[in-house]
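Participant: quick one: sequence and predicted model below, then my questions.
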Amino acid sequence: MADDELIEHAQSLLTRNAYLTLATVDADGRPWTTPVYFAADGLTDFYWVSSPEARHSRNLAAQPAVSLVVFDSTVRPYHGRALYADGTAHEIGPDELEPGLRTYPGPVERGGAALTAADVTGAAPWRLYRARATQVWALCPRPPRQACPRHGRTDDHRVQIVVPAGNRLGATTEPG
């Protein structure tokens, strides 16, 4: 599988799946995970709407480091498809609101409702958040119980998708 195919695979995961699992930590380092409906802008920017009072939102206010995973939970065992990322996240400010609302709620076929600035500012109970990934990996797709055609491995393993400046993309491998 060429790097372009891996990137296409990763982007298809983001298009087809409506939820990501977001991992945050509080000020004392206690982890918390939560599913959120999301929309992605490329492979590095992930948007969602939450209450600022939600535990994960309070955690982000204290500690912006996050990790996330988007996975297809509909596939049979040993057919796993997933994208992993880590980076930082925060509530969107006024200068980032317009691009965020252009991205969120994502593809129409996933059923999300479009929002306006009034829906996520002022007295509204919701806010728009963005995670920006600094590292992205995909579970390397392979036939069930067969060796990966790309790496010759039979175990689940992730391939890091490198997204450098200029949007030239590449990949490296590590254990799942």
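Facilitator: Happy to help now that I have it.

Participant: what residues are up against residue 142?
Facilitator: With contact set as C-beta atoms under 8 Å, 6 or more residues apart in numbering, residue 142 has these partners: 148, 149, 150, 153, 154. In short, each C-beta sits where N, CA and C put it, glycine included.

Participant: distance of it from residue 71?
Facilitator: Counting by C-beta to C-beta, to the nearest Å, the gap from residue 142 to residue 71 is 15 Å.

Participant: mind checking which helix or strand residue 59 is in?
Facilitator: helix 55-62 (DSSP states H and E).

Participant: other residues contacting that helix?
Facilitator: Contacts of helix 55-62 with the rest of the structure, by C-beta under 8 Å, 6+ apart, involve 22, 24-27, 32, 34, 36, 50-52, 66, 89-91, 127, 129.

Participant: quick one, strands of the protein?
Facilitator: Under the criterion DSSP state E, the chain contains strands at 19-25, 31-37, 39-41, 45-50, 65-71, 82-91, 127-139, 157-162, 170-175.

Participant: which helix is the longest one in the protein?
Facilitator: Using DSSP state H, we find that the single longest helix of the chain is helix 3-16.

Participant: in terms of secondary structure, what does that one contact?
Facilitator: The contact analysis (3 or more C-beta pairs under 8 Å, 6 or more residues apart in numbering; DSSP states H and E) places helix 3-16 against strand 65-71, strand 82-91, strand 127-139, strand 157-162, strand 170-175.

Participant: just the angle between that helix and strand 19-25, please?
Facilitator: Using axes from the mean of the first three to the mean of the last three C-alpha atoms, to 10 degrees, the inter-axis angle of helix 3-16 relative to strand 19-25 is 90 degrees.

Participant: what lies in contact with helix 3-16?
Facilitator: Helix 3-16 has contacts (C-beta under 8 Å, 6+ apart) with 1, 40, 42-43, 70-72, 81-83, 106-107, 136, 138, 140-141, 150, 159, 161, 169-171.

Participant: and that helix, what's buried?
Facilitator: For helix 3-16, a neighbour-count test (16 or more other C-beta atoms under 10 Å) marks 6, 7, 9, 10, 11, 13, 14 as buried.

Participant: again with stretch 62-72
Facilitator: For stretch 62-72, by 16+ other C-beta under 10 Å, it's 63, 66, 67, 68, 69, 70, 71.
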